[in-house]
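1. below is the sequence, then the predicted model.
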Amino acid sequence: MKFDRLLVWFRRDLRDHDHTALSEALRRGREVHCAFVFDRDILDDLADRDDRRVSFIHASLVELDAALRARGGGLIVRHGRAGEEIPALAAELGVDAVFANRDYEPAAKARDAHVAERLRADGRGFEAFKDQVLFDGVEVLTAAGRPYTVYTPYRKAWLRRLAEDEPLDAGGGVGALAASSAVRGVPPVSEIGFAPAELTGCGTAPGMRGARQALAAFVPQLSVYAEQRDLPALDATSRLSVHLRFGTLSVRAAVRAALEAGALRGNTGAACWLDELIWREFFSMILDHFPHVDGHAFRPEYDALAWESGPQAEADFAAWCSGATGYPLVDAAMRQLLATGFMHNRLRMLSASFLVKDLGLDWRRGEAWFARQLLDFDLAANNGGWQWAASTGCDAQPYFRIFNPIMQSQRFDPDGGFIRRYLPELARVPDAHIHFPAAMKPAALAACGLRLGVDYPLPVVDHARARQRTLMRFSILSESEIS
């Protein structure tokens, strides 16, 4: 259907190219307006007034606005509740319909349903398009027509769909971006109640330019990605997760880059990265089809697990959050998160395992902490990763698989380079003891000037004993409940 006037609502897709809703609007509309809402339903829940994500979004919007202006239009920016602002703006502009790209989070789906109903009541349309993932909805299902709940068969089915020549670019359109008096530039973050945040430590610049730079820097490293990605000292990951989260890079561009690098032609690094992109789609699909995972275990019987509570549990949680557990690689990971808003993927698994299976704390507490701190926070990926580590999710690691934080440290940070970067108090500790200073003899501690319990904390828990408690915690559930 053709339209006289359309409004494109930008959300998690902050780019002016390879953008499904924008491309469809330009193809089907004579005049196209563009808008973004700083949504108070989201922002009012943020605990930190200097939240890095707000500054990242703001910088990305400034670039997007400039790109849209160069094409004759511009970005209309509002601050309020999106469920109210979008219908009001649609009426103000006199558009026939609002186009947007789909979001799969439960709250976002409810918001979009509300907006669609408000628009319908005003005689306007609402259309949502696939853009955040390569495949959604019912595009990848089992032979029985059900959503997959195990990754490996999902991956095989996903790759079969990819082989059916799925377009890896959203295309363009012939319509015109409309100039409007409502385009007034992007307000400073202070106008929406926030303070500018420092982004230099996050490992990538914001916006479309930052996404292009990160992708261009990463692709040449794909030949060694499989071997180096688990070594945090090398910083060999793509740093593209935040760009995929906010849509300054399309998932199509990422998949296209992996394929062009040989992901299906023997390049093990490119294949490994493509797997990570498929995991992202898997967790998005799980959240879409099984929304109860937001707040509950994928397997409801695991909601009955008895987690630690009381003063000691609170003290342990505080130590974990601040990077003061006495296990150096866990602490370095948590301090990296606090300092930069980023955490290496291997360390996300380790720190999650430590919280759940060493400290015996509810995975939802860690999930919420990551949601507060991560610049690239994505509900589907964060929830999926935490439920995987906690053994409560679909296709999760078995509950008896418990990472040994010392062995993980020895394996993935063998010379302690990453640990020393974020724990300078351990700078003089020799490699032989960097992974667990608590095992050092008094003379060795004195030689490197380290006072345990003063300069660096004593371990908050004994791993071997904690492991036994975790096995008991899970074994209390009967075999019939967890089989």
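-> Cool, got the structure.
2. dump the residue contacts of Gln387.
-> Gln387 makes contacts with Val293, Ala297, Phe298, Trp363, Gly393, Cys394, Ala396, as judged by C-beta atoms under 8 Å, 6 or more residues apart in numbering. C-beta coordinates here come from the backbone N, C-alpha and C atoms, glycine included.
3. any idea how far Arg30 is from it?
-> 47 Å (C-beta to C-beta, to the nearest Å).
4. highest neighbour count among the contacts of Gln387?
-> Neighbour counts for these peak at Trp363, which has 26 neighbours (criterion: other C-beta atoms under 10 Å).
5. tell me the confidence at the residue nearest to that one when sequence neighbours are not counted?
-> Closest residue to Trp363 apart from its sequence neighbours, by C-beta to C-beta, 6 or more residues apart in numbering: Ala390 at 3.7 Å. Here, the pLDDT recorded for Ala390 equals 96.
6. ok so, going back, pLDDT and secondary structure for the contacts of Gln387 - can I get that in TSV?
-> Below are the contacts of Gln387 laid out as TSV (pLDDT from 0 to 100; DSSP: H, G, I helix; E, B strand; the rest coil):
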residue	pLDDT	secondary structure
Val293	97	helix
Ala297	97	coil
Phe298	96	coil
Trp363	98	helix
Gly393	93	coil
Cys394	91	coil
Ala396	85	coil
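7. which of these sits closest to Asp230?
-> Ala396 (19.2 Å; C-beta to C-beta).
8. dump the residue contacts of the closest one.
-> Phe298, Gln387, Trp388, Ala389, Ala390.
9. let's see that with 6 Å instead.
-> Gln387, Trp388 (C-beta atoms under 6 Å, 6 or more residues apart in numbering).
10. repeat for Leu93
-> Going by C-beta under 6 Å, 6+ apart, Leu93 touches His33.
11. all strands for this protein, in order.
-> Counting by DSSP state E, the chain has strands at residues 3-10, 29-39, 75-80, 97-101, 125-129, 176-177.
12. tilt between the fifth one and strand 97-101?
-> Meaning strand 125-129. 20 degrees (axes from the mean of the first three to the mean of the last three C-alpha atoms, to 10 degrees).
13. and the contacts of strand 125-129?
-> Contacts of strand 125-129 (C-beta under 6 Å, 6+ apart): Thr20, Ala21, Glu24, Ala97, Val98, Phe99, Ala100, Asn101, Arg102, Ala116, Leu119.
14. same question, the first one
-> The set of residues external to strand 3-10 that reach it, using C-beta under 6 Å, 6+ apart, is 21-22, 25, 28-36, 86, 90, 95-100.
15. about what we covered before: tell me which of the strands of the chain lies nearest to Ala236.
-> strand 97-101 (30.6 Å).
16. how about the closest one: buried residues?
-> For strand 97-101, the neighbour count (16 or more other C-beta atoms under 10 Å) marks Ala97, Val98, Phe99, Ala100, Asn101 as buried.
17. just checking: what are the partner strands of that strand?
-> strand 3-10 (parallel), strand 125-129 (parallel) (DSSP bridges).
18. looking at these, which is buried most?
-> strand 3-10 (a mean of 23; mean count of other C-beta atoms under 10 Å).
19. any idea how far the closest residue in space to Arg401 that isn't next to it in sequence is from Leu61?
-> Excluding the flanking residues, the one nearest Arg401 by C-beta to C-beta, 6+ apart is Ser391, at 7.6 Å. Relative to Leu61, Ser391 is positioned 40 Å away (C-beta to C-beta).
20. and what of Asp376?
-> For Asp376, the distance to Leu61 - C-beta to C-beta - is 17 Å.
21. over to Leu471?
-> Counting by C-beta to C-beta - Leu471 and Leu61 are separated by 49 Å.
22. cool, and Val95?
-> 21 Å.
23. between those two, who's got more neighbours?
-> Using other C-beta under 10 Å as the criterion, Val95 and Leu61 rank with Val95 on top: 26 against 22.
24. what residues are up against that one?
-> Arg5, Leu6, Leu7.
25. quick one: which of the residues you listed is nearest Met349?
-> Among those, and counting by C-beta to C-beta, the member closest to Met349 is Leu7, at 41.6 Å.
26. helices of the stretch 251-400 of the chain, start to end?
-> Applying DSSP state H, counting those that start in this stretch to the stretch 251-400 of the chain gives helices spanning 251-260, 268-289, 311-322, 328-340, 345-353, 363-373, 379-390.
27. now those helices as TSV including distance to Ala107?
-> Listed next are these as TSV, based on distance: least, C-beta to C-beta, whole Å:
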stretch	distance to Ala107
helix 251-260	21
helix 268-289	11
helix 311-322	25
helix 328-340	24
helix 345-353	23
helix 363-373	13
helix 379-390	9
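28. re the thing from before, which among the contacts of strand 3-10 end up buried?
-> Counted by 16+ other C-beta under 10 Å, the contacts of strand 3-10 give 21-22, 25, 28-29, 31-36, 86, 90, 95-100 as buried.
29. looking at the chain, which helix or strand is least sure?
-> Here the helix or strand of the chain ranked lowest by mean pLDDT, DSSP states H and E is helix 479-482, holding a mean of 51.
30. any stretches of the stretch 351-483 of the chain with poor pLDDT?
-> 478-483 (pLDDT under 70).
31. how about 80 then?
-> 477-483 (pLDDT under 80).
32. which outside residues touch stretch 36-45?
-> Under C-beta under 6 Å, 6+ apart, the answer for stretch 36-45 is Phe10, Leu75, Val77, Arg78, His79, Gly80, Arg81, Ala82, Glu85, Ile192.
33. and it, what's buried?
-> Those would be Phe36, Val37, Phe38, Asp39, Arg40, Ile42, Leu43, for stretch 36-45 by 16+ other C-beta under 10 Å.
34. return the closest of those with respect to Met407.
-> Closest to Met407, out of all of the buried residues of stretch 36-45 and judged by C-beta to C-beta, is Ile42, at 39.8 Å.
35. got a pLDDT number for that closest one?
-> 96.
36. from Gly137, how far out is it?
-> Ile42 is 24 Å from Gly137, by C-beta to C-beta.
37. now do His58
-> The gap separating His58 from Gly137 is 32 Å, by C-beta to C-beta.
38. over to Ile402?
-> 36 Å.
39. of these two, who's got more company?
-> Neighbour count, other C-beta under 10 Å: between Ile402 and Gly137, Ile402 has more, with 20 against 14.
40. isn't that one up against Val356?
-> No. Using C-beta atoms under 6 Å as the test, Ile402 is too far from Val356 to be in contact (9.1 Å).
41. number of nearby residues for Arg124?
-> When neighbours are defined as other C-beta under 10 Å, Arg124 has 20 of them.
42. tell me the contacts of it?
-> By C-beta under 6 Å, 6+ apart, Arg124 lies in contact with Ala90, Ala97.
43. same question for Phe194.
-> Phe194 touches Arg49, Val54, counting by C-beta under 6 Å, 6+ apart.
44. got the phi and psi for it?
-> phi -130, psi 160 (degrees, to the nearest 10).
45. residue numbering should commence at 18 henceforth.
-> Taking 18 as the first residue, the last one we looked at is Phe211.
46. and it, how far is that from Val203?
-> Phe211 is 13 Å from Val203, by C-beta to C-beta.
47. kindly report the same for Trp290.
-> For Trp290, the distance to Val203 - C-beta to C-beta - is 33 Å.
48. and if you look at Arg246?
-> Taking C-beta to C-beta, one finds Arg246 at 35 Å from Val203.
49. Val373 too?
-> Distance from Val373 to Val203, by C-beta to C-beta: 40 Å.
50. quick one, which of those two is more surrounded?
-> Val373 (25 against 21).
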